[in-house]
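Peer 1: 3D, please:
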Amino acid sequence: LVKLRIIMNWLEVSVNTHSESVEVVSSILIELGSKGVSIEDPQDYYQLTDEQLEWLKVQQKDLYETDTVIVKGYFQPSQWSKDSDVLLHEKLEEIKVYGLQTGPLSVQVKEVGEEDWANAWKQYYFPVRVTRFLTVVPSWVDYEKEQDDELLIELDPGLAFGTGTHETTSLCAKSLEKYSAGRKKLLDIGCGSGILMLIGKKMGIEKVTGIDIDEKVEEVVLENFDKNNIKDNFQVIIGNLVEDINEKYDIIVSNILVDVLTELLESIEKTLDRDAIVIFSGILAEKEEAFTEKAEKYKLEKLDRKEKRNWVSLVFKYVG
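Peer 2: Now for the predicted structure:
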């Protein structure tokens, strides 16, 4: 009996962009059917050790010296066609409507081997401390805590829509760490990989719920919760913003584009318990003032703000 192992090649679709557009570009590639996404952002290197930096300088010198972020999606050859390429370019052009810096938005497609696809992102991901106590650890890394009270979240960046390294996510994580004490129920609107839901559980919130319009999200969240040995008191709902939410929550977080957050303000009140904490992220600094003014019209009192590389996260208290 002879067993044959079929070696499958993959198409690597690379988009050169700006850090402000990373999450949108990643979502576009996932929406088109990518089996995994990797992000190569030289600005993330400040989090690495000197040894890791020296290694990357040798391996990726050109990448290290540029401000361009490269987002790579991986597709089976049968998934990709001329129509796919046209659709990708159309969706990339649509990003400009949101007022984000997009960078060149140039696209390159090349064939890679199965092993290259399976390990493509791993050389760029290391354990990252995203808050004072919380570290996100890639699932393949053997990591030991640096302090007794350090909390770990195990995540596979290749399967995730958010890994904690992007500014909008890390800002949310810091606010969650600060404001989770005593909170019982969390709602994450636009939950993606479920990383903010996981952080909520790590911070002691009893029940966490995530909602997202992308049907692929449920499988990703379930896998990430399983990796972290969390078996109950969480839920994933597929839906648009809060249309399918019928409960009230005492802490809400939403890390999406500011135009969508602005739309969300019109319906968020139905989900809020009295004195609920609301954490918004994904807000460009130049749009902060207009967003804050509108939020205050919906009985939201500003408590806090954090900023990183032109991204702002705002914390409000519901005073309705």
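Peer 1: could you pull out the strands for the stretch 51-200 of the chain?
Peer 2: Ranges of strands within the stretch 51-200 of the chain are 69-75, 106-112, 128-129, 134-138, 151-155, 185-189, based on DSSP state E, counting those that start in this stretch.
Peer 1: How about the stretch 201-320 of the chain?
Peer 2: Going by DSSP E, counting those that start in this stretch, the stretch 201-320 of the chain shows strands at 207-212, 234-238, 249-255, 272-284, 300-308, 311-318.
Peer 1: Could I get the ones you listed in JSON lines, plus columns for distance to residue 132?
Peer 2: C-beta: built from backbone N, CA, C; applies to glycine. Output for the strands of the stretch 201-320 of the chain, formatted as JSON lines (distance: least, Cβ to Cβ, whole Å):
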{"stretch": "strand 207-212", "distance to residue 132": "21"}
{"stretch": "strand 234-238", "distance to residue 132": "24"}
{"stretch": "strand 249-255", "distance to residue 132": "18"}
{"stretch": "strand 272-284", "distance to residue 132": "16"}
{"stretch": "strand 300-308", "distance to residue 132": "13"}
{"stretch": "strand 311-318", "distance to residue 132": "16"}
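Peer 1: Now mean pLDDT, distance to residue 31 and mean neighbour count too, for those, in a markdown table please.
Peer 2: Formatted as a markdown table, the strands of the stretch 201-320 of the chain follow (pLDDT from 0 to 100; distance: least, Cβ to Cβ, whole Å; neighbours: other Cβ atoms under 10 Å):
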| stretch | mean pLDDT | distance to residue 31 | mean neighbour count |
| --- | --- | --- | --- |
| strand 207-212 | 96 | 12 | 24 |
| strand 234-238 | 95 | 14 | 17 |
| strand 249-255 | 97 | 18 | 25 |
| strand 272-284 | 95 | 18 | 23 |
| strand 300-308 | 95 | 26 | 16 |
| strand 311-318 | 96 | 22 | 22 |
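Peer 1: So which of the ones you listed is nearest residue 131?
Peer 2: Between residue 131 and those, the shortest separation by Cβ to Cβ is 11.1 Å, and it involves strand 300-308.
Peer 1: quick one, the closest one and strand 272-284 angle?
Peer 2: Counting by axes from the mean of the first three to the mean of the last three Cα atoms, to 10 degrees, strand 300-308 points 30 degrees away from the direction of strand 272-284.
Peer 1: So which residues make contact with strand 300-308?
Peer 2: Here strand 300-308 makes contact (Cβ atoms under 8 Å, 6 or more residues apart in numbering) with 167, 170-171, 174-175, 178-179, 265, 277-278, 285, 288, 292, 295-296, 312-319.
Peer 1: now do stretch 178-187
Peer 2: By Cβ under 8 Å, 6+ apart, stretch 178-187 touches 197, 200, 203-211, 242, 245, 247-253, 271, 273, 277, 279, 304, 315.
Peer 1: Now do the end-to-end distance for it.
Peer 2: End-to-end span of stretch 178-187 (Cα to Cα, to the nearest Å): 16 Å.
Peer 1: May I see the buried residues of that stretch?
Peer 2: 178-180, 183, 185-187 (16 or more other Cβ atoms under 10 Å).
Peer 1: In three-state terms, label the residue nearest to residue 102 when sequence neighbours are not counted for me.
Peer 2: Of all residues not flanking residue 102 in the chain, residue 21 sits nearest, at 5.0 Å (Cβ to Cβ, 6 or more residues apart in numbering). Of the three states, residue 21 takes helix under DSSP: H, G, I helix; E, B strand; the rest coil.
Peer 1: In contact with residue 21, which residues?
Peer 2: By Cβ under 8 Å, 6+ apart, residue 21 lies in contact with 69, 95, 100-103, 105.
Peer 1: centre of the chain versus stretch 167-175, how much separation?
Peer 2: With Cα atoms, centre = their mean, to the nearest Å as the basis, stretch 167-175 stands 10 Å off its chain's centre.
Peer 1: What of stretch 16-32?
Peer 2: 11 Å.
Peer 1: Also stretch 213-221?
Peer 2: That offset, for stretch 213-221, works out to 13 Å (Cα atoms, centre = their mean).
Peer 1: Could I get the average pLDDT for it?
Peer 2: Here stretch 213-221 scores 86 as its mean pLDDT.
Peer 1: next one: stretch 23-33
Peer 2: On average, stretch 23-33 scores 86.
Peer 1: Just the CA atoms of that stretch, as PDB, please.
Peer 2: C-alpha atoms of stretch 23-33 as PDB (Å, rounded to 0.1, in the frame of the first residue of the first chain):
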ATOM      1  CA  GLU A  23      -7.500  46.100   9.600                       C
ATOM      2  CA  VAL A  24      -9.700  47.100   6.600                       C
ATOM      3  CA  VAL A  25      -7.300  45.500   4.100                       C
ATOM      4  CA  SER A  26      -7.100  42.400   6.300                       C
ATOM      5  CA  SER A  27     -10.900  42.200   6.400                       C
ATOM      6  CA  ILE A  28     -11.100  42.600   2.600                       C
ATOM      7  CA  LEU A  29      -8.800  39.600   2.000                       C
ATOM      8  CA  ILE A  30     -10.700  37.500   4.500                       C
ATOM      9  CA  GLU A  31     -14.000  38.400   2.900                       C
ATOM     10  CA  LEU A  32     -12.500  37.300  -0.500                       C
ATOM     11  CA  GLY A  33     -11.800  33.900   1.000                       C
END
